[in-house]
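No letters, just coordinates:
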């Protein structure tokens, strides 16, 4: 495995591991111990700290790419951004006529799937 990919995997999986630990800790603390409302907010968002780290890792990986791969990633992310906006706004309007509420946790998987689809489309374009 080339060094840049290896470094990315080590950094990303490390941040993901910390996320998992903090997520389990926050769920446990919120369920059993933390009663103060202000402290509950802090504990609830605690898992977001490693998420910020994951964002940093992804940005570092993007900066290591050559120009062509950056262009492909840009097009894929643009596709994911626009597609997620269209889907989430459409569903928001549907909620005005009775569609059930969906948790915000559903947005990221939609964007992730669209990013992958965008990568497939962008890679085909540059073959």
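The structure has been received and is ready for your questions. Source: prediction; values computed, not measured.

what sits against residue 115?
76-77, 79-80 (CB atoms under 8 Å, 6 or more residues apart in numbering). Just so you know, the C-beta spots here come from the backbone N, C-alpha and C atoms, and that holds for glycine as well.

Low-confidence ranges, the chain, go.
For the chain, the stretches flagged by pLDDT under 70 are 1.

mind putting the contacts of residue 115 in TSV, distance to residue 96 and neighbour count included?
Formatted as TSV, the contacts of residue 115 follow (distance: CB to CB, whole Å; neighbours: other CB atoms under 10 Å):
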residue	distance to residue 96	neighbour count
76	31	20
77	29	17
79	27	18
80	25	20
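
name the element the residue most central in space within the chain belongs to?
Taking CA atoms, centre = their mean, the centroid of the chain lies closest to residue 108, which sits 5.4 Å from it. Secondary structure from DSSP states H and E places residue 108 in helix 107-125.

Also residue 41?
helix 37-45.

List the buried residues for that helix?
residue 43 (16 or more other CB atoms under 10 Å).

Does anything pack onto that helix? Which helices or strands?
When contacts are defined as 3 or more CB pairs under 8 Å, 6 or more residues apart in numbering; DSSP states H and E, helix 37-45 packs onto helix 3-32.

Centre of the chain to the helix it packs on, how far?
13 Å (CA atoms, centre = their mean, to the nearest Å).

tilt between that helix and helix 37-45?
150 degrees (axes from the mean of the first three to the mean of the last three CA atoms, to 10 degrees).

picking that back up, just how off-centre is the helix holding residue 108 within its chain?
13 Å.

likewise stretch 71-83?
For stretch 71-83 - counting by CA atoms, centre = their mean - the centre lies 14 Å from the chain centre.

One more: stretch 47-57?
On CA atoms, centre = their mean, the centre of stretch 47-57 falls 9 Å from that of its chain.

For that stretch, which outside residues touch it?
8, 11-12, 15-16, 18-19, 22-23, 26.

No further questions, thank you.
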